[in-house]
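Chemist: The amino acid sequence is not available; the structure is as follows:
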């Protein structure tokens, strides 16, 4: 009898243990399911966060692009406003040019006589001026005179050439210059170094530095100078003109200006 009770108790114990083991297994399975669900939620949350981060980055990039485009648009507005002003000014200039073109024939008829008068005046000036670079200046005048008859040179170019000649003549009066020439000295032709100081003094000195002379504008002739008084000064002036010596004060033969008539 006792054995049967013990068996029953043992059987009950075994059944209870089996039930406990089954409950534990079921609990483990439930816990695993819960963990799996939690892990899936975590992965979904991570994926959602990645999407959110990506959308945020895209939004920030679009915002930056928007700001850049806005700046470009503002710059283009300023540029367009400036262009509109320039176009308005260009239209004004075009109108003035069209008006000038309409009057070009009249202007040409007025300019051509002016050029001839200017050329006549320049020729007269060179003829009465101190005779330096005479051949060069006369060749320039002859070229200008010949160009007046050429049909392939515009009136504007002829006018420019005459103005350029006036400019060259004006520059002569502001510079010191030296060049070689052949003059009649003491009854015979001699090679000399000519020294020109603007238009206030024109002198010569033979290449052996023994003889010196100066141009007398009143007499329209060369006058011999005392070699002892001006020899070294003229020689130094020639060296200064050649940039072989520094600029210095020179004692040179300069005629006093004539009294006004």
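Modeler: Arrived safely. Every value quoted in this text rests on a predicted model; they were computed, and no experiment measured them.
Chemist: Report pLDDT for residue 28.
Modeler: If you check residue 28, the pLDDT there is 66.
Chemist: Same question for residue 240.
Modeler: Reported pLDDT for residue 240: 91.
Chemist: Quick one: residues contacting it.
Modeler: By CB atoms under 8 Å, 6 or more residues apart in numbering, residue 240 lies in contact with 176, 246, 247, 248, 250. For glycine as for every other residue, the C-beta is placed from the backbone atoms N, C-alpha and C.
Chemist: same thing but 7 Å
Modeler: 176, 247, 248 (CB atoms under 7 Å, 6 or more residues apart in numbering).
Chemist: Checking my notes, it in a helix, right?
Modeler: Yes. Counting by DSSP: H, G, I helix; E, B strand; the rest coil, residue 240 is part of a helix.
Chemist: Would you enumerate the residues in contact with the residue lying closest to residue 140 once chain neighbours are set aside?
Modeler: Spatial nearest neighbour of residue 140, excluding adjacent residues (CB to CB, 6 or more residues apart in numbering): residue 165 at 5.9 Å. For residue 165, the contact set (CB under 7 Å, 6+ apart) comprises 122, 140, 144.
Chemist: 10 Å instead, please
Modeler: Residues in contact with residue 165 (CB atoms under 10 Å, 6 or more residues apart in numbering) are 118, 119, 122, 126, 137, 140, 141, 143, 144.
Chemist: List the residue ranges of the stretch 1-150 of the chain that fall below the pLDDT cut-off.
Modeler: Applying pLDDT under 70 to the stretch 1-150 of the chain picks out residues 1-25, 27-28, 31, 101, 104-105.
Chemist: Which residue ranges of it form helices?
Modeler: 2-102, 104-128, 134-147 (DSSP state H, counting those that start in this stretch).
Chemist: Same check on the stretch 151-261 of the chain?
Modeler: 155-172, 227-241.
Chemist: any idea which of those helices is most buried?
Modeler: Most buried of those by mean neighbour count (mean count of other CB atoms under 10 Å) is helix 227-241; its value is a mean of 17.
Chemist: Skipping adjacent residues, who's closest to residue 129 in space?
Modeler: Here the residue nearest residue 129, using CB to CB, 6+ apart, is residue 199, at 7.1 Å.
Chemist: And for residue 207?
Modeler: Per CB to CB, 6+ apart, closest to residue 207 is residue 191, 5.4 Å.
Chemist: what number of residues lie near the one you found?
Modeler: Burial of residue 191 is recorded as 13 neighbouring residues (other CB atoms under 10 Å).
Chemist: Do I have it right that it meets residue 211?
Modeler: No. Between residue 191 and residue 211 there is no contact under CB atoms under 10 Å: 11.4 Å.
Chemist: shared neighbours, these two?
Modeler: Shared contacts of residue 191 and residue 211, counting by CB under 10 Å, 6+ apart, come down to 185, 204.
Chemist: tell me the contacts of the residue nearest to residue 207?
Modeler: 180, 181, 182, 183, 185, 204, 206, 207, 208.
Chemist: just the buried members of the residues you listed?
Modeler: 185, 204, 206 (16 or more other CB atoms under 10 Å).
Chemist: Could I get these in a markdown table, plus columns for distance to residue 218?
Modeler: What follows is the buried ones among the contacts of residue 191, written out as a markdown table (distance: CB to CB, whole Å):
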| residue | distance to residue 218 |
| --- | --- |
| 185 | 20 |
| 204 | 18 |
| 206 | 24 |
